[in-house]
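1. show me how the following folds:
(3 chains)
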Amino acid sequence: MQRLSVKSNQREEFLDVTASARHAVKEMGSGSGLLTLYVPHTTAAITVNEGADPDVAADIIAALAKIAPRDGRWRHSEGNSDAHLKASIIGPSVTVIVQDGEIVLGTWQKIFFCEFDGPRTRALIAAFLRP
Amino acid sequence: MQRLSVKSNQREEFLDVTASARHAVKEMGSGSGLLTLYVPHTTAAITVNEGADPDVAADIIAALAKIAPRDGRWRHSEGNSDAHLKASIIGPSVTVIVQDGEIVLGTWQKIFFCEFDGPRTRALIAAFLRP
Amino acid sequence: MQRLSVKSNQREEFLDVTASARHAVKEMGSGSGLLTLYVPHTTAAITVNEGADPDVAADIIAALAKIAPRDGRWRHSEGNSDAHLKASIIGPSVTVIVQDGEIVLGTWQKIFFCEFDGPRTRALIAAFLRP
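-> Okay, here's the model as predicted:
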């Protein structure tokens, strides 16, 4: 298990953590298996999506803001209910496949830590399970 | 593998299954690895989110009802299309990390079984994989 | 690890890949463990939902189109921002439990490859991890 640190600079931001995840796999040893990346926060999430054009992440953030408007009518009084909802829509963890020490990703795929209530320093936990 | 039973009391409800999941891990043995919690239903899901304030779950349920209104125009005629959609938005399984027999969760995180078409008695399947 | 091929025939379509996933498990050997099905694309996803009535999938596709309209105001100029958003809402991978060589599914559950920007020939990667 490895605990990575992620620093966000805006309230809502997708941070490319592909290189950090690859580095974590290398540190945990070689071989093939499953890598679970887990977000121990309730107002952040993790996903895989296109990394070539930053407008893709910007579009996703803008569309989620329509589903979950920050100034909507929420019961929870901390002003971040939108972020809690987005966290569960995107999800707290992603499991990817590792083959011979390399994370298997599609041509355009990058792994994104999804900040929905930053800026903050966040943790991301990686566990690499091999047979 | 362990088959847990979850009893919902309302049509839509988030049930905190953190203690049940911890208990299942203990029954399946000690050590470190990945725990997959799997929902074998098509109108329920599982997520991780804030457990301190029940308003967070209430807000998520209310916001999902706007995305998927129960009385929307659906083709599927059983009156639960909203629940099927919510199940796929939140997801049928969650994989969490277990370290020395303990599920690794953030300070505010609880694991929630998401009932979208209750009340019912539901199953939740836990599998704990270690190296 | 097995690389499966999935052929979609429409722009948006849920393809039942349950039989392919079962076949992949058999080819990777017997036993119990976790099966991760991973989509190496950024405009497709994977989920588990009802397979008996095709209207359920049609309803989910129609509802996602309201959340993410194809002709919405998007920054990304390739005309498929809706598909990128849907991919992250549904998710790039699903982990299911395998018991004695059989994928554990609920009575009504089928595994669906979710095409959001077809028709295309797509890949689906399966990894079966046993203790």
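2. what residues does stretch A:95-105 touch?
-> Outside stretch A:95-105, the residues that touch it by Cβ atoms under 8 Å, 6 or more residues apart in numbering or on different chains are A:18, A:21-22, A:25-26, A:30-37, A:48, A:111, A:128, B:34, B:95, C:1, C:36, C:38, C:40, C:93, C:95, C:125, C:127. Backbone N, C-alpha and C define where each C-beta goes, glycine included.
3. just those residues: which are in helices?
-> Among those, the ones falling in helices (DSSP state H) are A:18, A:21, A:22, A:25, A:26.
4. by neighbour count, which of the residues you listed wins?
-> For the ones in helices among the contacts of stretch A:95-105, counting by other Cβ atoms under 10 Å in any protein chain shown, the largest number of neighbours falls to residue A:21: 26 neighbours.
5. state the distance from that residue to chain B.
-> Applying Cβ to the nearest Cβ, to the nearest Å, one obtains 14 Å for the distance of residue A:21 from chain B.
6. what's the closest non-adjacent residue to the residue in chain A that chain C sits nearest to?
-> In chain A, the residue found nearest to chain C is residue A:106; the distance is 3.2 Å by Cβ to the nearest Cβ. Counting by Cβ to Cβ, 6 or more residues apart in numbering or on different chains, residue C:40 is the residue found nearest to residue A:106 once chain neighbours are left out, at 3.2 Å.
7. so what's the one you found scoring on pLDDT?
-> The score at residue C:40 is 98. That number is its pLDDT.
8. three-state assignment of the residue nearest to residue A:81 when sequence neighbours are not counted?
-> Excluding the flanking residues, the one nearest residue A:81 by Cβ to Cβ, 6+ apart is residue A:74, at 3.6 Å. Reduced to three states with DSSP: H, G, I helix; E, B strand; the rest coil, the structure at residue A:74 is coil.
9. since we're on residue A:74, how many residues are nearby?
-> Here the neighbour count serves as a burial measure; for residue A:74 (other Cβ under 10 Å) it reads 23.
10. tell me who's in contact with it.
-> A:81, A:82, B:55, B:59.
11. quick one on the thing from earlier: show me the contacts for the residue nearest to residue A:106.
-> A:104, A:105, A:106, A:107, A:109, C:123, C:125.
12. same thing but at 7 Å, please
-> Neighbouring residues of residue C:40 by Cβ atoms under 7 Å, 6 or more residues apart in numbering or on different chains: A:104, A:105, A:106, A:109, C:123, C:125.
13. just these now: which is nearest residue A:65?
-> Sorting these by how near they are to residue A:65, with Cβ to Cβ, puts residue A:109 at the top with 23.5 Å.
14. I figured the closest one hits residue A:56, correct?
-> No - at 11.1 Å, residue A:109 does not count as touching residue A:56 under the criterion of Cβ atoms under 7 Å.
15. higher neighbour count, the two?
-> For the pair residue A:109 and residue A:56, the greater number of neighbours falls to residue A:56 (28 against 23), based on other Cβ under 10 Å.
16. ramachandran coordinates for that one?
-> When read as degrees, to the nearest 10, the backbone of residue A:56 gives phi -60, psi -50.
17. not counting sequence-adjacent ones, nearest residue to it?
-> residue A:50 (4.4 Å).
18. how many neighbouring residues does that neighbour have?
-> Using other Cβ under 10 Å, residue A:50 is surrounded by 28 other residues.
19. that one pairs with what?
-> With DSSP bridges applied, residue A:50 shows beta-bridge pairing to residue A:109.
20. any idea how far residue C:13 is from it?
-> As defined by Cβ to Cβ, to the nearest Å, residue A:50 lies at a distance of 20 Å from residue C:13.
21. check residue A:21 too.
-> In terms of Cβ to Cβ, residue A:21 sits 31 Å off from residue C:13.
22. rewinding a little: so the residue nearest to residue A:56 touches residue C:42, yeah?
-> Yes - the pair residue A:50 and residue C:42 passes the contact test of Cβ under 7 Å, sitting 4.2 Å apart.
23. which neighbours do these two have in common?
-> By Cβ under 7 Å, 6+ apart, the residues touching both residue A:50 and residue C:42 are A:108, C:84.
24. where do the strands sit along chain A?
-> Here chain A has its strands, by DSSP state E, at A:2-7, A:13-16, A:33-38, A:44-50, A:93-99, A:102-103, A:109-115, A:121-129.
25. residue A:9 against residue A:120, yeah?
-> No - using Cβ under 7 Å, residue A:9 makes no contact with residue A:120, being 9.6 Å away.
26. out of these two, which sits in the more crowded spot?
-> Set side by side, residue A:9 and residue A:120 show more neighbours around residue A:120, with 14 against 10, by other Cβ under 10 Å.
27. which ones are touching the more buried one?
-> By Cβ under 7 Å, 6+ apart, the residues touching residue A:120 are residue A:8.
28. quick check: phi and psi on it?
-> Main-chain dihedrals, residue A:120, degrees, to the nearest 10: phi -160, psi 170.
29. tell me the average confidence for stretch A:111-123?
-> Here the mean pLDDT over stretch A:111-123 is 98, rounded to a whole number.
30. output that stretch as CSV, nothing but the C-alphas.
-> Listed next in CSV are the C-alpha coordinates belonging to stretch A:111-123 (Å, rounded to 0.1, in the frame of the first residue of the first chain):
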residue,chain,number,x,y,z
ILE,A,111,-6.1,8.8,-14.5
PHE,A,112,-7.6,11.9,-12.9
PHE,A,113,-8.0,12.7,-9.2
CYS,A,114,-11.2,14.8,-9.2
GLU,A,115,-11.2,17.6,-6.7
PHE,A,116,-14.7,19.0,-6.0
ASP,A,117,-14.1,21.0,-2.8
GLY,A,118,-10.5,22.4,-3.0
PRO,A,119,-8.0,23.8,-3.0
ARG,A,120,-6.5,21.3,-0.6
THR,A,121,-3.8,18.8,0.0
ARG,A,122,-5.4,15.4,-0.5
ALA,A,123,-4.4,11.8,-0.1
